[in-house]
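Asker: I'll drop the sequence and a predicted model, then ask my questions.
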Amino acid sequence: MLAYSLKKLVQLFITTLGVVTLVFFTLRLIPGDAASAMAGDSLSGEALERLREQMGLTKPYLVQYLTYLKGLASLDFGETITTGLSVFGLMKSALPITLIIAISTIVFTVLVSIPLGTLAAFMAHKGHKGLDNAITGTAMVLDLMPGFWTGLVFLLFFSLKLRWFPASGDVNIADPASFLQRIALPVLVLSVTQIATMARITRTAVLEVLGEDYIRTARSLGWSELRVLFRHALKNAALPIVTVVGLSFGSLLNGTVIVEFIFNIPGIGSLLVNGINSRDYQMVQNLIIFYALIFVSINFITDLVYRKLDPRVKF
Amino acid sequence: MTYAKPIADTVLDVRDLHTQFFTETGVVKAVNGVSFTLGRGERMAIVGESGSGKSAMAMSLISLLAHPGKLVSGEVWLDGQDLAAMSEKELNGIRGSRVGTIFQDPMSSLDPVMKVSDQMVPPIERHLKLGAKAARDLAIGWLDKVGIPDAARRIDAYPFEMSGGMRQRVMIAMALSCNPRLVIADEPTTALDVTIQAQIVELLRRLTAETGTAMLFITHDLGLVSRFAQKVAVMYAGRIVEIGPTATVFRRPKHPYTQSLLRTIPRAGETEKRERLLQIPGFPPDMKVPPQGCAFRERCPGAHDLCAVETPQQTVRGPDHNAACFLPNGLDDVAEPAAEAPAERPVPVTTDWRALPRQDVLEINNLSKHFVGETLLPWVKPPTVRAVNGVSLRVRRGETLGIVGESGCGKSTIARMLLGLDEPTGGEIFIQGTGQMVFQDPYSSFNPKMKVFDIIAEPLVVQRVGTKDERARRVRALIEQVGLEQSYLDRFPNQLSGGQRQRVAVARALALNPSVVVADEPTSALDVSVRAQIINLLCDLKADLGVSFVFISHDLSTVRYVSDWIAVMYLGEVVEYGPAEEVFADPAHPYTRALLDAVPVLDPEAEAEREIRVISGELPSPLNLPKGCAFASRCPKVTDLCRQEKPVLVQRRERRTEACHHAG
């Protein structure tokens, strides 16, 4: 356990350093810089050059890189280049919104997709093809729709036509009722694709387990179909499902960026989009590193859960 | 149908059972009218080839058939209740309580992510209406009874922390824990080593005798039947073709199928072993289109006109002894036993190998293989499995060396090293010519997308032997040599039966004219009737071509039949070596003796008289070998000397060597 955690921590550190380095240099490969983006058309020539010098953009890349690493090591995320606000402060206000959206999506997805997938698997196992085909077919179609498209369709239908959910307006966590109303639609949009994927994976995993010998053993002990399904089949099928839940967190983070943009929600995703548009290196760098950290940590947690679920996997 | 009148003692009364599988390609009529009764404490064996419907029949009794299987009609009376007419909910009250079930593969029959206690205790709570503590205590009691050491602690182990033998004990404990009236055991020992098999059979026999539980025992091992069952039912094509007391059926079988089956098996005690084994020609019928008349007709030397028209019904042949055949005495009524004919050799394609000097074609000197594990922390010594530990063997031209031993003794590792699939850790291997391999599972050792022609030609293509035409000629010669027609060359592996596939595997192994063929359990995946064909084939090839064989198997009677020399292995070492017949007739090492004792013989009466000294315990872990004799922990003759000093292979008699302080 100790050796395993140590090994994982070292890996985590190396991965993060790699991301930091990669992000730092790729951002500087993109034509245009923060100074010109900030100045827009108002400054030119010498004035722009002075602004660059002020912002520290004229120093050699390596010096900038080392300065940046030093800042990171002392947990100083710096200020945004364009607005001079504290990056840490911006992230602190945006993070809870994104996290609530992401976690609600996962909870909702798991609650809907796992029973649905299990049901489809059970029907397929018993030879009742109809319901299985219906669930699997619908899932397949939904899975193929890109997130930004479902986002727009839902916005049109639920917000503009039915007026069930507001399409814009303040997002304030302090006011739970309006906050929930505001994030309901984004969560729904994100869940649709997630549910479709997860239900199909659950179905495949459970169907495979239902053919195993120990399922027959459980039946031979007099357990009902329901108990066999949930106590034995689902528990064994949970291993691949957990892996997929962990992996899908990546695509979910992707999705929040798009959805926050479409629904105009001031989360981490919006910060990122704005940061990119204004070539705000400091902002974008930190956000990408933050995303990378979340992703790596989720993988680590998935790994731990997997080991917890399967006693055969040793540390 | 004649029904035995249910007597007071009757536990199970099955009447005219029909089970069918409604597959997409047609209805498979797996069970076609099976009836029998089973008394209290009675042990009945159901035997038959794969596809005979024996498992489908047994699972039908408690409606445990997976989709698309369905119990179509029939009655299953257990203590005055018809299980076949019960609802799923009622059946769930019977399964696990009044009917216990033991399945074939202990490695896959227990839930891998649940502790033994979590799988075993809740059914006891439910069926016996006990509290958690009482149920747990009862479970521990049963685990103790089936021979699990330290049961109170081991009950909280996961299945993967136990050996196959231990898991099967857990299965048995689970099946018996709610005092069932009937236990259904579907090939309960097939996946186990002979020594463990003997222990399990002994255990089942003792426990069912103690509790008076009736037992239905499905197996294809006729030796086991003679050791274990009082009554035997032989199934063919979904029907019971012969049923009766085991001793009577084995001594005076009346149905041609039973008679043929009993003759296909190499008998352990027979001395005139060079006689070819009888083989049953043909295949069991396709149960999607059951033949009219007697299903065994096409493979039966005694078949006559009536057999094609009418299905013979069971008639009484003796006390409690029924058979379904028009001939009163089966093949005994056929004047010239025509059944022997197919066993005659095909025209031999001999080479003049006997003119060559009788030299060693394979020489192994002090061979060893250690598998070193991995550790994350550099200061921890990695675990090392010493799979093979200094083995020296020789095989001469045209001779067969049999290697026997329990799983984990290193016999397959030796095979892999002989073919260069594993690199030896130490020692040398010399092969005159080339070595080829025949694997155990004929189903997974071929590329399913390749035709038989390409499968056999593959080694020739890889080694760039001859032109395309020459290769085609060679492939045609090879397929005939293994007894298949040339038309098979255009087929795909899935169009062949298990026996035919194994013939193709042999043909492929022979393609490059190897001097040695290593056969790792080549017959274990095959039915008895097919097994005889493959054994005959290997013996013919040895005689005709002078090919040497290394024959690895846990089936001792087969090894005895095919081998000239025997090496008995235990924990990576050879403990006894000598001429096959001498070693089997007069084993010197206690382990060899124990192995032979564990193998049941075909004669029920001899079995009954035989004093079986089942060796206790299991193979110790090869991770930390004991200092003295590796067998000391299980040996009946063990002394302090054995624990202190490791015995070496010593020659005490001509051609015989053994590694034991107490031999001779």
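Answerer: Received it, and whenever you're ready, just let me know what you need. Numbering: from 1, shown residues only, chains lettered A, B, ... in the order given.

Asker: can you pull the contacts of the closest residue to B:T23 other than its chain neighbours?
Answerer: Among residues not flanking B:T23 along the chain, B:P68 sits closest, at 5.7 Å (Cβ to Cβ, 6 or more residues apart in numbering or on different chains). C-beta here means a position set from N, CA and C on the backbone, and glycine is covered the same way. For B:P68, the contact set (Cβ atoms under 8 Å, 6 or more residues apart in numbering or on different chains) comprises A:127, B:21-23.

Asker: could you give me the ChimeraX syntax to select whichever of the residues you listed are buried?
Answerer: Per 16 or more other Cβ atoms under 10 Å in any protein chain shown, the buried members of the contacts of B:P68 correspond to this ChimeraX selection:
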select /B:21
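
Asker: how about residues contacting the helix or strand bottoming out on mean pLDDT in chain B?
Answerer: In chain B, the helix or strand scored least confidently by mean pLDDT, DSSP states H and E is helix B:604-609, which has a mean of 80. The contact list for helix B:604-609 (Cβ under 8 Å, 6+ apart) reads B:225-227, B:246-247, B:250-251, B:600-601.

Asker: and if we set it to 7 Å?
Answerer: B:226-227, B:246-247, B:250, B:600-601 (Cβ atoms under 7 Å, 6 or more residues apart in numbering or on different chains).

Asker: mind listing what's buried along it?
Answerer: Going by neighbour count (16+ other Cβ under 10 Å), the buried part of helix B:604-609 is B:604, B:607.

Asker: closest to the centroid, which residue in chain A?
Answerer: Nearest residue to the geometric centre of chain A (Cα atoms, centre = their mean): A:L253, 2.2 Å.

Asker: circling back: could I get the contacts of helix B:604-609 as CSV with pLDDT, distance to B:D305 and neighbour count?
Answerer: Output for the contacts of helix B:604-609, formatted as CSV (pLDDT from 0 to 100; distance: Cβ to Cβ, whole Å; neighbours: other Cβ atoms under 10 Å in any protein chain shown):
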residue, pLDDT, distance to B:D305, neighbour count
B:S226, 89, 35, 24
B:R227, 88, 40, 26
B:T246, 93, 33, 23
B:A247, 92, 34, 17
B:F250, 92, 30, 20
B:P600, 84, 40, 25
B:V601, 81, 39, 17
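
Asker: can I get the residues you listed in a markdown table including distance to A:Q64?
Answerer: Converted to a markdown table, those look like this (distance: Cβ to Cβ, whole Å):
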| residue | distance to A:Q64 |
| --- | --- |
| B:S226 | 86 |
| B:R227 | 83 |
| B:T246 | 89 |
| B:A247 | 94 |
| B:F250 | 91 |
| B:P600 | 82 |
| B:V601 | 86 |
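
Asker: chain A next: which of these are close?
Answerer: Contacts with chain A are made by none of these, judged by Cβ under 7 Å from any Cβ of the partner chain.

Asker: next, format those residues as CSV and append secondary structure.
Answerer: Output for the contacts of helix B:604-609, formatted as CSV (DSSP: H, G, I helix; E, B strand; the rest coil):
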residue, secondary structure
B:S226, helix
B:R227, helix
B:T246, helix
B:A247, helix
B:F250, helix
B:P600, coil
B:V601, coil
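
Asker: mind picking the two most distant members of these?
Answerer: Farthest pair in the contacts of helix B:604-609 (Cβ to Cβ) is B:A247 and B:P600. Separation: 13.9 Å.

Asker: quick one, helices of chain A?
Answerer: In chain A, the segments counted as helices under DSSP state H are A:2-29, A:34-39, A:45-54, A:61-73, A:87-126, A:129-144, A:147-154, A:176-210, A:213-220, A:225-227, A:234-263, A:268-277, A:281-309.
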